[in-house]
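Novice: give me the fold of what follows.
(chains A and B)
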Amino acid sequence: MNKYYPAALAILIILLAAFPAIGPEVYYLSFMFSVFMYVILASSWNFIGGYAGYLSFGHAAFFGIGAFATAKMATVFQLPPLLTMLASIPAGGIAALIALIVGYPCLKIRGPYFSVVTLCFAFVVDLAVKNIEYLGGAEGLWMKFMDLPEKTARTIMYEAMLLLMVITLAASWFLGRSRFGTGLTAIRSDEEVAETMAVPTAMLKIKAFVLSAFFPGVAGGLFAYYLGYIHADAVFSINISILIVLMAMFGGGGTWLGPIIGAVILTVVNEGLSTFAQAEIARIIYGGLFIVVTIFMPNGIIDFFRKRGG
Amino acid sequence: MDAVLIFQSLISGIMMGMVYALLGVGFSLTWGVMHVIHISHGAFGLLGAYAAYSLLQYFGVDPIASAAMSVPLLFLMACGLYQLLIRPITRAKNIIMASMILTFGLAIILENIMALIWKADPRVLTPAYSSGALIVGPFYFQYPHLVGFGLSLVGITALYLFLKKTYTGMAVRAAWQQPEAARLYGVNLFQISMITFALAVSTAGAGGICLALLNSFEPHSHNLWLIYLFLVVIVGGVGNVIGTALAGLIIGVITGLSMAFLPFQWVNLVTFGLLMVFLIFRPHGIFKQEGL
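Specialist: I've put the predicted structure just below:
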């Protein structure tokens, strides 16, 4: 980390923000939109999964809750486009609130049991949404899209997701450098010792969990509005949850940069595979990636290359 | 409530539960002995079910014979997989997590290979006796269910006797209770892990065939099976064979009864909710943790 680092980052953000100005095709805007989205998901997962070492396998639940809350608010209150996008913020709040309620009992259990309970939580939310008629049930919810040319609309969504990504990454950056983050790392290393050293472990864990649920909630809201139609399968899929874990672990959990790199690489790979290969073959290669990463890069790609570099 | 209906769903619950138990014991053993959470366990069960389906469809092989054949085949295959995939991660700092991610990848691979070969339509195992039923008074038991139940019972009993009576089985239990002490007494932990893994996978195959006799299946069914596996193993206690078997029966009865009295889509919700409650309040199962 040298002193040019923040400046380079600022330039990169400005370049990304200016990207729509050069008039790229809508496809690239959509693609970047999903890259930003996965960076948000993986980085926010990292608060609890990476720093604290509590591997949540149900992170997609918060993403989906945000999506459905936004869609519901937009249809119930007949919100205009701009307000719908802003409605994703209270939707993130709802996701955070649910994280608080669920996290309180769940964060008391550790290791694989925590992973299983979060996995199960994601399944329960998915099934509940599918079976509750009020939330669209098996058919899903439709939303009115903004009354603008497609490109303008996509650009607005692009900038909104970029902004959210910058905020998430800033939060992740400060978290990694604060007492809060240090406390979480202490929990990951040894929870008993941390407890003995007067680290308020229960409090820190729940804070991290709630914070890590808020950002995907907001991202879910933007995503729902972006699609214009939301269905439980699109946002609650267990594959999304696992993908988030993989992205963060692939890059290197518990670091600031890891989830970003992991999310960018895997989104590009995923996009490439689904464009050039048959769906089943693409997924087989994808599954192979999980295996290769766990065997050859157990501590993530950053660590792998750092060691190679000497 | 109709007493006959309650009793009938109780019986079918017990039959289902025995099959869950057979699927669950292997999962429980790999978790307990090797600290490997084998996410693709259900996918191997599904592989067994599909193999039995094809054997029946094209060669007229009875599922019982397929189960008997699949056990040694899957055993050998699992030995290879252990050496290739699982052994490299046994030295990982956090083997449980590493194994979850790795075997999740394996499950995706298996699922999509099955989708390529057998297509995504739901299948059912229909041996010649599939439409017959044993009728006792007001109750009736479909033959495929009886066969699935019987096979599961045989499988679990065999596994139990293996662990209790043979030298290798005792080594497996020793490796579960005191790995370091077992190693000092000359148990080769890698070899024991390989045998445990292979045993688990082959019982999964047999269990998958049994489950296929009871329910229809498709390439992504193993995700749902996995939740049941977790439920059975966590209720029964990780690594506890008898506990797992009893937990399988309990869960079978609960699902059997909820299937009879709840709308279909709420059954899984009940199951998952139950699992969450268990994880939060009794993550070590309902039985006292003892050897086996």
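
Novice: strands of the chain, residue ranges please.
Specialist: Because you didn't say which chain, this covers chain A. Secondary structure of chain A (DSSP state E): strands at A:141-142, A:229-230.

Novice: meant chain B, my bad for not saying
Specialist: B:133-136, B:139-142.

Novice: pLDDT below threshold where in chain B?
Specialist: Scanning chain B for pLDDT under 70 picks out B:1, B:286, B:288-292.

Novice: can you name the residues of it that neighbour chain A?
Specialist: Within chain B, the positions near chain A by Cβ under 8 Å from any Cβ of the partner chain are B:37, B:85, B:88-89, B:92-93, B:96-98, B:100-102, B:104-109, B:111-113, B:115-116, B:223, B:227, B:230, B:234, B:265-266, B:268-269, B:272-273, B:275-276, B:279-280, B:283. In this view, the C-beta of every residue, glycine as well, is placed from N, C-alpha and C.

Novice: give the PyMOL command for selecting the buried subset of those residues.
Specialist: What follows is the PyMOL syntax selecting those of the residues of chain B next to chain A that are buried according to 16 or more other Cβ atoms under 10 Å in any protein chain shown:
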select buried, chain B and resi 37+85+88+89+92+96+97+98+100+101+102+104+105+106+107+108+109+111+112+113+115+116+223+227+230+234+266+268+269+272+273+275+276+279+280+283
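
Novice: mind listing which of the residues of chain B next to chain A are in helices?
Specialist: In this view, the residues of chain B next to chain A that belong to helices under DSSP state H are B:88-89, B:96-98, B:100-102, B:104-109, B:111-113, B:115-116, B:223, B:227, B:230, B:234, B:265-266, B:268-269, B:272-273, B:275-276, B:279-280.

Novice: tell me the contacts of B:F190?
Specialist: Going by Cβ atoms under 8 Å, 6 or more residues apart in numbering or on different chains, B:F190 touches B:87, B:90.

Novice: what's the local residue count around B:A133?
Specialist: The number of residues packed around B:A133, counting by other Cβ atoms under 10 Å in any protein chain shown, is 15.

Novice: now the one 4 residues further on
Specialist: Counted with other Cβ under 10 Å, the neighbours of B:G137 add up to 6.

Novice: dihedrals phi and psi, it?
Specialist: phi 60, psi -130 (degrees, to the nearest 10).

Novice: what does chain A have sitting close to chain B?
Specialist: By Cβ under 8 Å from any Cβ, the part of chain A that sits against chain B consists of A:55, A:105-106, A:108-109, A:111-113, A:115-117, A:119-121, A:123-124, A:127-128, A:130-131, A:238, A:242, A:245-246, A:249, A:280-281, A:283-284, A:286-291, A:293-295, A:298.

Novice: show the buried residues in these.
Specialist: Neighbour counting over the residues of chain A next to chain B (16+ other Cβ under 10 Å) leaves A:55, A:106, A:109, A:112-113, A:115-117, A:119-121, A:123-124, A:127-128, A:130-131, A:238, A:242, A:245-246, A:249, A:280, A:283-284, A:286-287, A:289-291, A:293-295, A:298 as the buried ones.

Novice: can you tell me which of the residues you listed end up in helices?
Specialist: Using DSSP H, A:106, A:112-113, A:115-117, A:119-121, A:123-124, A:127-128, A:130-131, A:238, A:242, A:245-246, A:249, A:280, A:283-284, A:286-287, A:289-291, A:293-295 are the members of those that sit in helices.

Novice: neighbours of B:D2, how many?
Specialist: Quick note: B:D2 (other Cβ under 10 Å) scores 10 neighbours.

Novice: could you check how far it is from chain A?
Specialist: Distance, B:D2 to chain A, using Cβ to the nearest Cβ, to the nearest Å: 26 Å.

Novice: what's the burial count for residue 27?
Specialist: Using chain A. A:Y27 has 9 nearby residues by other Cβ under 10 Å.

Novice: that answer is for a different chain, and I need it for chain B
Specialist: Residues within reach of B:F27, counting by other Cβ under 10 Å, total 29.

Novice: residues contacting it?
Specialist: Contact partners of B:F27, counting by Cβ under 8 Å, 6+ apart, are B:38, B:41, B:200, B:204, B:229, B:232-233.

Novice: can we see that at 10 Å?
Specialist: B:36-39, B:41-42, B:45, B:200, B:203-204, B:207, B:225-226, B:228-230, B:232-233, B:238, B:244 (Cβ atoms under 10 Å, 6 or more residues apart in numbering or on different chains).

Novice: swap in A:T168?
Specialist: A:36, A:39-44, A:46-47, A:211-212, A:214-216, A:218-219, A:259-260.

Novice: same question for B:H222.
Specialist: Residues in contact with B:H222, defined by Cβ under 10 Å, 6+ apart, are B:39-47, B:49, B:107, B:110-111, B:114, B:204, B:208, B:229.

Novice: mind doing that once more with 8 Å?
Specialist: By Cβ under 8 Å, 6+ apart, the contact set of B:H222 is B:40, B:42-43, B:45-46, B:107, B:110-111.

Novice: what's the most distant pair in those?
Specialist: The most widely separated members of these are B:G45 and B:E111, with 11.9 Å between them, by Cβ to Cβ.

Novice: low-confidence regions, the stretch 201-310 of chain A specifically.
Specialist: Low-confidence segments of the stretch 201-310 of chain A (pLDDT under 70): A:309-310.

Novice: switch the cut-off to 80
Specialist: Applying pLDDT under 80 to the stretch 201-310 of chain A flags residues A:238-239, A:253-254, A:277, A:298-310.

Novice: show me what residue of it gets nearest to chain B.
Specialist: Per Cβ to the nearest Cβ, A:F290 is where the stretch 201-310 of chain A lies closest to chain B, at 2.6 Å.

Novice: if I read this right, that residue contacts B:F104, doesn't it?
Specialist: Yes. Using Cβ atoms under 8 Å, A:F290 makes contact with B:F104 at a distance of 6.0 Å.

Novice: related to what we said a few turns ago, got the contacts of B:H222 as CSV, with distance to A:H59 columns?
Specialist: Converted to CSV, the contacts of B:H222 look like this (distance: Cβ to Cβ, whole Å):
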residue, distance to A:H59
B:S40, 21
B:G42, 22
B:A43, 23
B:G45, 27
B:L46, 26
B:A107, 19
B:L110, 24
B:E111, 21
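
Novice: so which of those residues is the most crowded?
Specialist: B:G45 (33 neighbours).

Novice: any idea how far chain A is from it?
Specialist: Note on B:G45: its distance to chain A, by Cβ to the nearest Cβ, is 17 Å.

Novice: again with B:S9
Specialist: For B:S9, the distance to chain A equals 21 Å [Cβ to the nearest Cβ].

Novice: wait, doesn't A:M197 sit right on A:A186?
Specialist: Yes. In this structure, A:M197 is within contact of A:A186 by Cβ under 8 Å, at 7.2 Å.

Novice: and those two? which has more neighbours close in?
Specialist: Neighbour count, other Cβ under 10 Å: between A:M197 and A:A186, A:A186 has more, with 19 against 11.
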